[in-house]
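[1] all I have is the shape, not the residue letters:
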């Protein structure tokens, strides 16, 4: 006796809330997820193996339309054609999630301030989202998104949150290009926020930092290496810079005579030019690196070149150096070490310390009236910091005040 078809009604499709597959007959099912999302699927067997053909979200494909699509799929199977294979032949313009992600990263790369952001996007959407990459972008579901997020959500919440946002961007781009329809399965508000713990309940990670009292001994250890990575890391510590600012530094930004490094707005997190006064040790590092060049470096040459000609030091070079030295800290954490030292060991004002870190201080009105960057006060601060960092290498360098320094 043939199985009954057309078991579902339009009302049932709209109201049914029990998770699972609900048969309409003839291989057509309404699939309801734990989160309540409804989509149409056609189940069939091909060469003895079960196959599932997605027919779209119930929110955008009506019961009548789903039945018509299922009828067409049944005819294909009966005539010896695989509906999934036929779809890929007739609709080659639908890319995989991986292809769409790579295309979007290439399009956005010019908007990122440094190569590290590009590398982070590429790594998360390649490594963590690997299970989704081979799937057509129009077939990505909430279950797919949850599959790559759940293992990270509690263990590495910051990474998971950024990954979710990047997946959402990729799927939004796919919809804008006509490759998808319906809601974005990676959307947080009103969707994934019902399926995953709220971010405010999770522990936010912090950059592991070295106690500032241990820095002089660490700098002494760094100087025993002499590699470009070691020089770059010491320079980063002495200038309280971000790693991307150091890696992207070019000789055109350096004024050795004036002991000044000017980082353009395009490379700064806050999109504002940042002038960095250079202490004596930082200048020595620059002179050492310059001697490594076979000729006088051009303004566009990187101060800390990488292994490949014309490329900067690798994104991971300084991190890997810390690992080789068995230091359980991050490069960014040295900025925290600097800030702790400023607050505990000197009388420089909070504003001067924050300006040295290129942090935004005060509200918009306050910033409008404070147009200077306290360069000369910061020069005094960085000189004292440089002497402190070098105190283990050269005890004479520690001479000079720390506490009691006036910055008024």
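    Alright, I've got the coordinates. Being a predicted model, the structure only gives us computed values, none of them experimental.

[2] can we go C-alpha only for contacts and neighbour counts from here?
    Fine.

[3] and the one helix or strand residue 342 maps to, what other elements does it pack with?
    Take DSSP states H and E as the rule and residue 342 turns out to sit in helix 333-345. Under the contact criterion of 3 or more C-alpha pairs under 8 Å, 6 or more residues apart in numbering; DSSP states H and E, helix 333-345 touches helix 228-239, helix 350-356.

[4] any idea which of the ones you listed is most buried?
    Mean neighbours per residue, mean count of other C-alpha atoms under 10 Å, is largest over the helices and strands packed on helix 333-345 for helix 228-239, with a mean of 23.

[5] got the angle for that one vs helix 333-345?
    With axes from the mean of the first three to the mean of the last three C-alpha atoms, to 10 degrees defining the directions, helix 228-239 sits at 30 degrees from helix 333-345.

[6] neighbouring contacts of helix 228-239?
    219, 222-223, 242-243, 246-247, 276-279, 281-282, 285, 289, 304-305, 313, 317-318, 321, 331, 334-335, 338, 382, 385-386, 389 (C-alpha atoms under 8 Å, 6 or more residues apart in numbering).

[7] buried ones only from these, please, as a ChimeraX command.
    Those of the contacts of helix 228-239 that count as buried under 16 or more other C-alpha atoms under 10 Å are selected in ChimeraX with:
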select :219,222,242,243,246,247,276,277,278,279,281,282,289,304,305,313,317,318,321,331,334,335,338,382,385,386,389
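
[8] among the contacts of helix 228-239, which are in strands?
    Using DSSP state E, the subset of the contacts of helix 228-239 located in strands is 276, 277.

[9] please pull out the lowest mean pLDDT helix or strand from the chain.
    Across the helices and strands of the chain, mean pLDDT, DSSP states H and E gives its lowest value to helix 364-369, namely a mean of 41.

[10] was I right about residue 31 contacting residue 21?
    Yes - the pair residue 31 and residue 21 qualifies as a contact (C-alpha atoms under 8 Å) at a distance of 4.4 Å.

[11] these two: which has the busier surroundings?
    Counted by other C-alpha atoms under 10 Å, residue 31 and residue 21 do not tie: residue 31 has more neighbours, with 21 against 16.

[12] which residues does the more buried one contact?
    By C-alpha under 8 Å, 6+ apart, the contact set of residue 31 is 19, 20, 21, 22, 38, 39, 40, 41.

[13] which of these has the largest number of neighbours?
    residue 40 (26 neighbours).

[14] against residue 355, how distant is that residue?
    57 Å (C-alpha to C-alpha, to the nearest Å).

[15] would you mark the buried spots in the longest helix seen in the chain?
    Ranked by residue count under DSSP state H, the longest helix found in the chain is helix 157-176. For helix 157-176, a neighbour-count test (16+ other C-alpha under 10 Å) marks 157-160, 163-164, 166-175 as buried.

[16] for it, packing partners?
    Applying 3+ C-alpha pairs under 8 Å, 6+ apart, we find helix 157-176 packed against helix 97-108, helix 142-153.

[17] for that helix, what is the average pLDDT?
    Across helix 157-176, the average pLDDT comes to 87.

[18] show me where pLDDT drops low in the stretch 151-300 of the chain?
    Regions of the stretch 151-300 of the chain meeting the criterion pLDDT under 70 cover residues 199-207.

[19] where does the stretch 1-150 of the chain dip in pLDDT?
    Along the stretch 1-150 of the chain, segments meeting pLDDT under 70 span 1-4, 35, 88-92, 113-114.

[20] ok, which stretches of it are strands?
    With DSSP state E, counting those that start in this stretch as the criterion, the stretch 1-150 of the chain has strands at 20-25, 28-32, 38-46, 49-57.

[21] could you identify which of those strands is most buried?
    Per stretch, and counting mean count of other C-alpha under 10 Å, the top mean among the strands of the stretch 1-150 of the chain goes to strand 28-32, which has a mean of 23.

[22] just want the angle from it to strand 49-57.
    Going by the same axes, to 10 degrees, strand 28-32 makes 70 degrees with strand 49-57.

[23] adjacent strands (with direction) for strand 28-32?
    strand 20-25 (antiparallel), strand 38-46 (antiparallel) (DSSP bridges).

[24] hmm, residue 382 is touching residue 282, no?
    No - Residue 382 is beyond contact range of residue 282, at 9.8 Å (criterion: C-alpha under 8 Å).

[25] follow-up on the earlier one: which of the strands of the stretch 1-150 of the chain sits closest to residue 269?
    strand 49-57 (40.2 Å; C-alpha to C-alpha).
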